[in-house]
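Enquirer: Following is a predicted model, sequence given first.
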Amino acid sequence: MINITTIQEIANVLAGLEHKLALNWLENDMIKKTLAISYDYWLEDTGIPMTLKDFVQQYLEHAEYLGGIFSPDSEINDLSC
């Protein structure tokens with residue numbers, strides 16, 4: 001049976017990380033959903049074991065290369081509009 005990662009699991013990981021983007025991502029359901037789906041695909045497609053925490057940390061550490069909603073400069077996190 002395939003285990004499906006939830007956005008709550010992603011939120012729990014993000015809440016426990018000391019990274020400048022973690023708090024921004026914690027408030028963004030689109031990012032949390034994307035991370036959850038990507039993690040599930042990673043495990044299914046590669047068969048390479050990686051903890052959810054390690055997976056999320058890799059995204060955080062390489063956010064500047066990912067672009068889009070993951071970018072540290074993304075305006076999607078700007079709630080003032």
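Expert: Structure's in. What do you need?
Enquirer: make it CA atoms for all contacts and neighbour counts henceforth
Expert: Noted.
Enquirer: And the strands in the chain, which stretches?
Expert: For the chain, no strands are identified by DSSP state E.
Enquirer: and the lengthiest helix in it, which residues are buried?
Expert: Ordering each helix of the chain by length in residues (DSSP state H) puts helix 29-46 first. For helix 29-46, burial by neighbour count (16 or more other C-alpha atoms under 10 Å) applies to Ile31, Lys32, Lys33, Leu35, Ala36, Tyr39, Asp40, Leu43.
Enquirer: what about the residue nearest to the fifth one when sequence neighbours are not counted, distance to Thr46?
Expert: To tie it back to what came earlier, the one meant is Ala36. Nearest non-adjacent residue to Ala36, counting by C-alpha to C-alpha, 6 or more residues apart in numbering: Thr5, 5.2 Å away. Noted for Thr5: a distance of 16 Å to Thr46, by C-alpha to C-alpha, to the nearest Å.
Enquirer: What residues of the helix or strand of the chain with the lowest mean pLDDT count as buried?
Expert: Lowest on mean pLDDT, DSSP states H and E among the helices and strands of the chain sits helix 63-66, with a mean of 81. Across helix 63-66, burial judged by 16+ other C-alpha under 10 Å covers Ala63.
Enquirer: Restricting to C-alpha, output that helix in PDB.
Expert: C-alpha atoms of helix 63-66 as PDB (Å, rounded to 0.1, in the frame of the first residue of the first chain):
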ATOM      1  CA  ALA A  63      15.200  27.000  -3.400                       C
ATOM      2  CA  GLU A  64      17.000  29.600  -5.500                       C
ATOM      3  CA  TYR A  65      17.500  27.100  -8.300                       C
ATOM      4  CA  LEU A  66      13.900  25.800  -8.200                       C
END
